[in-house]
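**Student:** Kindly generate the corresponding structure for this input.
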Amino acid sequence: MPTQRKPPRRTRERILEVSLRLFNDQGEPQVTTSAIADEMNISPGNLYYHFRNKEDIVDALFEQFERDMDALLRLPGDRNADVEDAWLFLHLLFETIWTHRFVYRDLSDLLTRNRKVELRFRGILERKTGAARALCDGLAARGQLRATDFEIEALATNMVVVATWWLSYEYVRDARRFGQAGHQGAALARGAFQVLALTGAYLEGDARALFERLAREYLRP
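**Tutor:** Take a look at the predicted model:
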């Protein structure tokens, strides 16, 4: 039986794919619609047929990012999380952030110029904080974390702050290697560790030992 050929990707999808790559690699403010069209070997008119301007492209990419993030932040409610669940969640969170890293790389500039993105990103921050709080509550319900409600609220906020600005820190720390495939895994592992490490002072017994073992495994040079 002959193999079926995949249908060609639509131009609109290709524009978003190329734009995401260029935004991630060069920074969204540095990329023009002309550069996107040149990279795709299409005319600017063809690009403008699908997107009126670069802001429309940013909005569409942000919608993709928001869908991916919301799918991740819907934590399963059938059981309380343990340390391994929290570690896995943070790795997936940082992988999602990395896929759409242009949002975080140029966050302040992006939010200043795009009111729609600003409002929607604020909602993502609130949902991130809710997910972090749910993780901490789950650990507390398992007896793996001892903290007051006030401490958990502060802890959840701090976890979101570190997760949100981690890639900016990594970029400033080593801009030359930022984005290289070999650097990516280590940067994401460090980010997941730093976020989960905020819970370290509150972890107890086996949970603390498990956290330390996971850290040694994932952060070994």
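
**Student:** what sits against the residue nearest in space to the middle of the chain?
**Tutor:** Nearest to the mean C-alpha position of the chain, counting by C-alpha atoms, centre = their mean, stands Ile97 at 1.6 Å. By C-beta atoms under 8 Å, 6 or more residues apart in numbering, the residues touching Ile97 are 104, 163, 166-167. Yep, even glycine has a C-beta here, placed from its N, CA and C like the rest.

**Student:** Export those residues to JSON lines and append columns for distance to Phe23, pLDDT and neighbour count.
**Tutor:** Output for these, formatted as JSON lines (distance: C-beta to C-beta, whole Å; pLDDT from 0 to 100; neighbours: other C-beta atoms under 10 Å):
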{"residue": "Tyr104", "distance to Phe23": "11", "pLDDT": "90", "neighbour count": "19"}
{"residue": "Ala163", "distance to Phe23": "20", "pLDDT": "94", "neighbour count": "22"}
{"residue": "Trp166", "distance to Phe23": "18", "pLDDT": "90", "neighbour count": "20"}
{"residue": "Leu167", "distance to Phe23": "13", "pLDDT": "86", "neighbour count": "21"}
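
**Student:** So which of the residues you listed is the closest to Arg190?
**Tutor:** Ranked by distance to Arg190 (C-beta to C-beta), the contacts of Ile97 are led by Trp166 at 7.9 Å.

**Student:** The closest one should be in a strand, yeah?
**Tutor:** No - using DSSP: H, G, I helix; E, B strand; the rest coil, the secondary structure at Trp166 is helix, not a strand.

**Student:** Next one: it relative to His100, how far apart?
**Tutor:** Separation of Trp166 from His100 (C-beta to C-beta, to the nearest Å): 14 Å.

**Student:** same thing with Ala197?
**Tutor:** To His100, Ala197 is 24 Å away according to C-beta to C-beta.

**Student:** Then Cys136?
**Tutor:** To His100, Cys136 is 25 Å away according to C-beta to C-beta.

**Student:** more neighbours, these two?
**Tutor:** Cys136 (25 against 19; other C-beta atoms under 10 Å).
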